[in-house]
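*Asks:* Sequence and predicted model, in that order:
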Amino acid sequence: MNDTLKTIFDRRSIRSFIAERKIEPEKLELIIKAALAAPSAGNAQPWKFYILDSVELKQQAVAAAYGQSFIAQAPVLIVVCADLQIATTAYGYRGDSLYAYQDTAAAVQNILLAAKSLGLETCWIGAFDENVVARKILRLPKHLRPVAMIPIGYSDEVGKPRPKRPRDEVIEWRS
């Protein structure tokens, strides 16, 4: 099995981080570079990434994420936002209602896989009060919508594989 497939199959959502162990700047730079390499509809790149490393901002993110305290343990928290203005300008309603979210999801997946390939752990968090994140923590303009928060760091936790739906429920061949 090649390294890419191993990274995909080994990645888990980890909720325990070693707070004192900082992420090397060159690793964080590669993770961001991977996010920016994600595909996007028409190459519009309707995203914005906020990198939070202050204790205060991460604590506010914990509150916005309904008390998911492990967020504050991670040395870095990336908030991925969809830029609805860019998406709408490029594709109208479909850009605003679909492509912006597909594109940011591709960027999030690249972040998760890049981090794992560099020996770091992550968790894709979608459960948060986006108004608190958008208006109180980041003070975003209205055209930016937070769609994911990703704590990143080193961990001693080893994630276990989660059950997946049977293939015959999710795959159907048509000819």
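*Replies:* Thanks, I have the structure now.
*Asks:* Spatially central residue for this protein, please.
*Replies:* Centroid-nearest residue in the chain: residue 108, 3.8 Å away (criterion: C-alpha atoms, centre = their mean).
*Asks:* check which helix or strand covers that residue.
*Replies:* helix 100-117 (DSSP states H and E).
*Asks:* For the longest strand anywhere in the chain, name the packing helices and strands.
*Replies:* Ranked by residue count under DSSP state E, the longest strand found in the chain is strand 144-153. Judged by 3 or more C-beta pairs under 8 Å, 6 or more residues apart in numbering; DSSP states H and E, strand 144-153 is in contact with helix 70-73, strand 76-83, helix 100-117, strand 121-122, helix 130-131. The C-beta positions use only the backbone N, C-alpha and C, and glycine is treated the same way.
*Asks:* quick one, which of those is nearest to residue 160?
*Replies:* strand 121-122 (13.3 Å; C-beta to C-beta).
*Asks:* Contacts only, for residue 45.
*Replies:* 36, 86, 103 (C-beta atoms under 8 Å, 6 or more residues apart in numbering).
*Asks:* buried sites along stretch 23-34?
*Replies:* 23, 27-28, 31-32, 34 (16 or more other C-beta atoms under 10 Å).
*Asks:* Test my guess that the residue nearest to the centre of the chain contacts residue 79.
*Replies:* No - using C-beta atoms under 8 Å, residue 108 makes no contact with residue 79, being 10.7 Å away.
*Asks:* Give me the pLDDT for residue 158.
*Replies:* pLDDT, residue 158: 89.
*Asks:* residue contacts, it?
*Replies:* residue 12.
*Asks:* any idea how far it lies from residue 16?
*Replies:* 10 Å (C-beta to C-beta, to the nearest Å).
*Asks:* since we're on residue 2, how many residues are nearby?
*Replies:* 7 (other C-beta atoms under 10 Å).
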